[in-house]
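Q: coordinates only, sequence not included:
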C-alpha cells in the first residue's frame, strides 16, 4: 500500500488511532482538523501534538463557522453537555458534522491527488450519532465518486473507517500496538484549556471504560 | 406548500432563480451564502442584493477557508480563468464544492427545523461540473437522510434542484416571470469589485446566450 491519504484528525482517541492505522499501512498522511468553534479548543492542541508524534506530511487546520449554525452542545455555549447517560441521539450531536468534515477532506484530497480518506468513526462504543454507521460511510463514498472530477473520470475515492466495527477496548489495543501516545489525546466534550477531562461526559465515560476493558493504564489527565 | 427551506444563494443568475422558485412555492426562505475566498467577491454583494430584493427570512454568510485548499481558478489566484471554451471539466471546477455547500446547508436546515433544501444547479447549459447532475443530487439526498438525526428519525430531507433540467433560456424566462431582477446578479468568474462582468469567461458566455435565446434584454453590466 502507498500513496497519499487525508486523515480527519480531531485530537481525540479514535482519530489518533485512525491516523496510526493509515500510517502503518504505508500511506503518506495529510491530517485535516477543523477550528469550528468547538467548546473544547484543547482538542486542536491535541490534534497538533498527535500529528507531530505520529509524523504526518502536513497538518492543516481549516476555519469553519459551525458556531454560526449552532444546534449542539459542542458548538452552542447555551446548551449544556450532559453528565449522565441519555436516551437516543444526544445533544452533543453536531448536525451534519461528519458530512461537512468529509466533504472538505474530499475537496482537499482531490487537490492533493489523494484518493483515500480515513475517518475514525466507530459504531460500537459510540454516542449513537447517525453519521458514524457503515451505511453512512458507504453512501458518502458513493456520493464522492459522483461529485468529483476524479470520481467521474474513474479514479475513484475510497472512504476508510478502520475502527467502525471495533469496541473502544479494541481501538485502544490497536493504537497502543501502533505507538499512539494516548496521553496526548483529548476526548472530553468539555475539556479545560489545559486539555484536562471532566470525567463525567459521555465521551469520558466511553474512554475510561475502554482503557479498563483493554487492560491499558488510562493516561487521561482529569481536572 | 409551506414551511422553512434553506436556499443556497451564490449571487449568480441560477441561484437567484432557485430562490424565486422556492418563494413562489410558498416557502419561508433562509438563504445561505459562503465567503469562501472566491475570486469574485462581488458575488457576495450580489447575494445580499438578491436576498433583499426577493425577500428572505434571513440571509446568512458563512466563512469557509476553501482558499486554504485551492485547486481551482475560482479559489487560487495562481490559476487563470479561461476565456475560450475548454474540453472536459474546466479549471473553474472547485473540488467538492456543492458537496461542501449542501453539507453546511443540511446542518443549518436541521438546526432551523427546515427539511427542504434548494440548490440552483443546472445540467443543461452548464460548465460540465459533475456535482450539477441529477444522479449527484439524488445521492446527496440519500446521504442526508442517513447522516442526520432528523433523517434517521424518519423526518426526511428533500433536495430540490428546480432548474436542473432547464435550459439557460428557460431559467431566465422563469425568473423573469417570478420577478427576479437579474441586473442585481453576478455570474462572471472574474467580475471586478463593482460586479461588472468580463464578457469572456464560460459563465458570461452561457449567461449572454441565455438572455438572447429567452428574448429578454440582457441587464448584465460589462466592464
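A: Perfect, thanks for sending it. As the structure is a computational prediction, the values presented were derived from the model and not from experiment.

Q: can you count the residues close to residue A:135?
A: With neighbours defined by other Cβ atoms under 10 Å in any protein chain shown, the count for residue A:135 comes to 11. All C-beta atoms are positioned from the backbone trio N, CA, C, and that covers glycine.

Q: Now do the phi/psi pair for the spatially closest residue to residue A:10 that is not a sequence neighbour.
A: Once flanking residues are discounted, residue A:10 sits nearest to residue A:43: 5.9 Å by Cβ to Cβ, 6 or more residues apart in numbering or on different chains. Main-chain torsions, residue A:43, degrees, to the nearest 10: phi -60, psi -40.

Q: Might you report the residue contacts of residue A:43?
A: Counting by Cβ atoms under 8 Å, 6 or more residues apart in numbering or on different chains, residue A:43 makes contact with A:10, A:11, A:12, A:186, A:191.

Q: Which one of the residues you listed is nearest to residue B:116?
A: Distance ranking of the contacts of residue A:43 against residue B:116, using Cβ to Cβ, places residue A:10 first at 30.8 Å.

Q: Per-residue pLDDT of residue A:146, please?
A: On pLDDT, residue A:146 comes in at 96.

Q: next one: phi and psi at it?
A: The phi/psi pair for residue A:146 (degrees, to the nearest 10) reads phi -90, psi -20.

Q: gap between it and residue B:167?
A: 23 Å (Cβ to Cβ, to the nearest Å).

Q: now the residue of chain A most remote from its centre: how far from chain B?
A: What lies farthest from the middle of chain A is residue A:153; by Cα atoms, centre = their mean that is 29.1 Å. Separation of residue A:153 from chain B (Cβ to the nearest Cβ, to the nearest Å): 8 Å.

Q: now residue A:165
A: 17 Å.

Q: Surely that residue and residue A:123 touch.
A: Yes: contact criterion Cβ atoms under 8 Å: residue A:165 and residue A:123 qualify, at 6.8 Å.

Q: For the two, indicate the residue with more neighbours.
A: residue A:123 (19 against 11).

Q: Which strands and helices lie in contact with the lengthiest strand in chain A?
A: Assignment by DSSP state E gives strand A:28-35 as the longest strand of chain A. The contact analysis (3 or more Cβ pairs under 8 Å, 6 or more residues apart in numbering or on different chains; DSSP states H and E) places strand A:28-35 against strand A:4-8, helix A:13-24, helix A:42-54, strand A:58-63, helix A:97-112.

Q: Dump these to CSV, plus mean pLDDT.
A: What follows is the helices and strands packed on strand A:28-35, written out as CSV (pLDDT from 0 to 100):
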stretch, mean pLDDT
strand A:4-8, 98
helix A:13-24, 97
helix A:42-54, 95
strand A:58-63, 93
helix A:97-112, 95
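
Q: Make JSON lines out of the ones you listed and add distance to residue B:91.
A: Listed next are the helices and strands packed on strand A:28-35 as JSON lines, based on distance: least, Cβ to Cβ, whole Å:
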{"stretch": "strand A:4-8", "distance to residue B:91": "21"}
{"stretch": "helix A:13-24", "distance to residue B:91": "30"}
{"stretch": "helix A:42-54", "distance to residue B:91": "31"}
{"stretch": "strand A:58-63", "distance to residue B:91": "22"}
{"stretch": "helix A:97-112", "distance to residue B:91": "12"}
